[in-house]
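K.L.:
Sequence plus the predicted model coming up.
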Amino acid sequence: MTPPPSDTLPGPRPARPGNGTAARIAVVGLHGHGASHVRRVLELQRAGSARLAAVVDPREPAAGHDAHGTGAPWFPTLGDLLSSSATPVDVVVLSTPIPTHLPLARAAMEAGLDVLLEKPTTASLAEHTELVAVAERTGRRCQVGFQTFGSHAVAAAADLLARGEIGDVVALGAVGTWVRTAAYWARAPWAGRRRMDGRDVVDGVVTNPLAHAVATALRLGGATTAADVAWVDTDLYRANPIEADDTSAVRVQDTAGHRYGFGLTLCAPEHTPARVVVHGTRGELAYEYGHDRLLLRTDAAQMDKTYGRTSLLDDLLAARADDSRSLLCDVRDTGAFMRVLEAVRTGADPRPIAPEHVEWAGEGDERRPVVRDVARWCADVARTQRTFAELGAPWAG
């Protein structure tokens, strides 16, 4: 699952038809972010490179929904679609609750379909391992919806780091100071849950809304597989009346010796651009992924540049047309992120932040907590690779 449309990256460029045959795409999960996938497929349909072959959701799309009136047949479950010989499909886009990611992606790949699976990849590291095994056994493609991996700024950042523009990499991290209201936590029964009906959900700040920050920093540091991560420390808190974390510090070390610090919150006084930061011996590189903006600061040079990006669905279609092409975010390349998710999943429950450190703003659905000075503490985590508790944040245990 991805953030609401206001937090996604800028609009993708149109895809070119692959081998002249329009890919038949089914979108599973039509409400919330799933609606944006329907719109994208319809854009590709108008360009002649894809066709909305089916839509799947327990609720049939009503008048006013983008999927309504398209002519694409509706199915209440993916199983119903896969058992329908009258509706052939090539690609399935899964925008569904986190606990359903493994079973639905597995069913689609075992049916011979390629998959675009929204992040986080799965609800546990063991499920991720199983999903990778399914992809390898079936030979199907499984692209995971870390949209930042399609940003041209990420490739540019990797090139700058490889050329030593900021010297030797000393540490990496990310700062995310976002705002989420009561309506966000009420958006679905699983929202803000660690477990539900005996199954892992892990819907917290680290693993869902600001997961892009974590996954992208790890990728820039060269950590993509679970084996690339040496250890993970978590320091999890919550100001909202939820099970999961909404304000967290995470410290990671990879097997190459890189240190990472992630300071993330959904309880900031205002929503600011999330940024991945790389510290070097001669400067700093920052990537504001919501705007595909790259900022370089060294003694010798400064750069502030905005890049384009490639849609992950477009990339998946291009890979289908060219077997030699690798996916931008192959399921195998999300293992390092899943090591972080696993540490959050198996760690202690987030500690409540004491009321004296929280101010409340707004009313009704717009009500939200603001943790005092949280933006500064998040920045300090990324700068020092120390947790809130180690830094001495007054509300940290």
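P.N.:
Everything's here; your move.

K.L.:
mind listing what's buried in stretch 310-322?
P.N.:
310-321 (16 or more other C-beta atoms under 10 Å). C-beta here means a position set from N, CA and C on the backbone, and glycine is covered the same way.

K.L.:
okay, now the closest residue to Val371 other than its chain neighbours: neighbour count?
P.N.:
Once flanking residues are discounted, Val371 sits nearest to Cys267: 4.4 Å by C-beta to C-beta, 6 or more residues apart in numbering. Residues contacting Cys267 under the criterion other C-beta atoms under 10 Å number 25.

K.L.:
which residues does Cys267 contact?
P.N.:
179-180, 239-240, 246-247, 358, 368-371, 374 (C-beta atoms under 8 Å, 6 or more residues apart in numbering).

K.L.:
Which residue ranges of the stretch 201-350 of the chain form helices?
P.N.:
Secondary structure of the stretch 201-350 of the chain (DSSP state H, counting those that start in this stretch): helices at 211-220, 312-321, 335-346.

K.L.:
Run the chain-centre distance for the first one.
P.N.:
Which is helix 211-220. 9 Å (C-alpha atoms, centre = their mean, to the nearest Å).

K.L.:
cool, the last one as well?
P.N.:
On the basis of C-alpha atoms, centre = their mean, the separation between the geometric centre of helix 335-346 and that of its chain is 13 Å.

K.L.:
ditto for the second one
P.N.:
Between the mean C-alpha point of helix 312-321 and the mean C-alpha point of its chain there is a distance of 19 Å (C-alpha atoms, centre = their mean).

K.L.:
repeat for stretch 193-213
P.N.:
For stretch 193-213, the distance to the chain centre is 11 Å (C-alpha atoms, centre = their mean).

K.L.:
Could you export the helices of the stretch 201-350 of the chain as CSV, including distance to Arg106 and mean pLDDT?
P.N.:
Shown next, in CSV, are the helices of the stretch 201-350 of the chain (distance: least, C-beta to C-beta, whole Å; pLDDT from 0 to 100):
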stretch, distance to Arg106, mean pLDDT
helix 211-220, 21, 98
helix 312-321, 17, 97
helix 335-346, 16, 98
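
K.L.:
Switch the ones you listed over to a markdown table; also include distance to Ala126.
P.N.:
Compiled in a markdown table, these are given as follows (distance: least, C-beta to C-beta, whole Å):
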| stretch | distance to Ala126 |
| --- | --- |
| helix 211-220 | 18 |
| helix 312-321 | 25 |
| helix 335-346 | 8 |
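
K.L.:
what's the closest of these to His271?
P.N.:
helix 211-220 (13.8 Å; C-beta to C-beta).

K.L.:
which parts of stretch 279-292 are buried?
P.N.:
Neighbour count says stretch 279-292 has 279-280, 283, 285-292 buried, by 16+ other C-beta under 10 Å.

K.L.:
ah, wrong one, I meant stretch 250-269
P.N.:
Going by neighbour count (16+ other C-beta under 10 Å), the buried part of stretch 250-269 is 250-254, 258-269.

K.L.:
Could I get the average pLDDT for that stretch?
P.N.:
Per-region confidence: stretch 250-269 scores 98 on mean pLDDT.

K.L.:
what's the span of that stretch, first residue to last?
P.N.:
21 Å (C-alpha to C-alpha, to the nearest Å).

K.L.:
and what of stretch 272-292?
P.N.:
End-to-end distance of stretch 272-292 (C-alpha to C-alpha): 14 Å.

K.L.:
Repeat that for stretch 360-375.
P.N.:
Using C-alpha to C-alpha, the two ends of stretch 360-375 sit 16 Å apart.

K.L.:
Please apply the same query to stretch 290-300.
P.N.:
27 Å.

K.L.:
got CSV for the contacts of Cys267, with distance to Ala105, neighbour count and pLDDT too?
P.N.:
Output for the contacts of Cys267, formatted as CSV (distance: C-beta to C-beta, whole Å; neighbours: other C-beta atoms under 10 Å; pLDDT from 0 to 100):
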residue, distance to Ala105, neighbour count, pLDDT
Val179, 31, 19, 98
Arg180, 27, 24, 98
Ala239, 33, 26, 98
Asn240, 30, 24, 98
Asp246, 27, 28, 98
Thr247, 31, 33, 98
Val358, 38, 18, 98
Arg368, 33, 23, 98
Pro369, 35, 26, 98
Val370, 37, 20, 98
Val371, 36, 25, 98
Val374, 35, 27, 98
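
K.L.:
right, and the helices of the stretch 201-350 of the chain - which one's nearest Ile166?
P.N.:
When the helices of the stretch 201-350 of the chain are compared by C-beta to C-beta, helix 211-220 sits nearest Ile166, at 11.5 Å.

K.L.:
What's the local residue count around Thr77?
P.N.:
Neighbour count for Thr77, taken as other C-beta under 10 Å: 14.

K.L.:
Gly48 too?
P.N.:
If you count neighbours by other C-beta under 10 Å, Gly48 ends up with 11.

K.L.:
Just the buried positions in stretch 325-332, please.
P.N.:
327-332.

K.L.:
Next: stretch 228-238.
P.N.:
Those would be 228-229, 232-238, for stretch 228-238 by 16+ other C-beta under 10 Å.

K.L.:
which one of the residues you listed is nearest His31?
P.N.:
Here the nearest of the buried residues of stretch 228-238 to His31, counting by C-beta to C-beta, is Arg238; it sits at 25.7 Å.

K.L.:
does the closest one really touch Pro350, like I thought?
P.N.:
Yes - the criterion here is C-beta atoms under 8 Å, and Arg238 meets it with Pro350 at 4.3 Å.

K.L.:
Could you tell me which residues touch both of the two?
P.N.:
Counting by C-beta under 8 Å, 6+ apart, the contacts common to Arg238 and Pro350 are 244-246.

K.L.:
Per-residue confidence, Thr21, what does it come out as?
P.N.:
pLDDT, Thr21: 81.

K.L.:
Distance check, it against Asp235.
P.N.:
Computed as C-beta to C-beta, to the nearest Å, the Thr21 to Asp235 distance reads 51 Å.

K.L.:
do Ala191 as well
P.N.:
For Ala191, the distance to Asp235 - C-beta to C-beta - is 22 Å.

K.L.:
and the closest residue to Arg195 other than its chain neighbours, what is it in contact with?
P.N.:
Leaving aside its chain neighbours, Arg195 sits nearest to Val201 (5.9 Å; criterion: C-beta to C-beta, 6+ apart). Residues near Val201 by C-beta under 8 Å, 6+ apart: 97-99, 123, 190, 193-195, 244.
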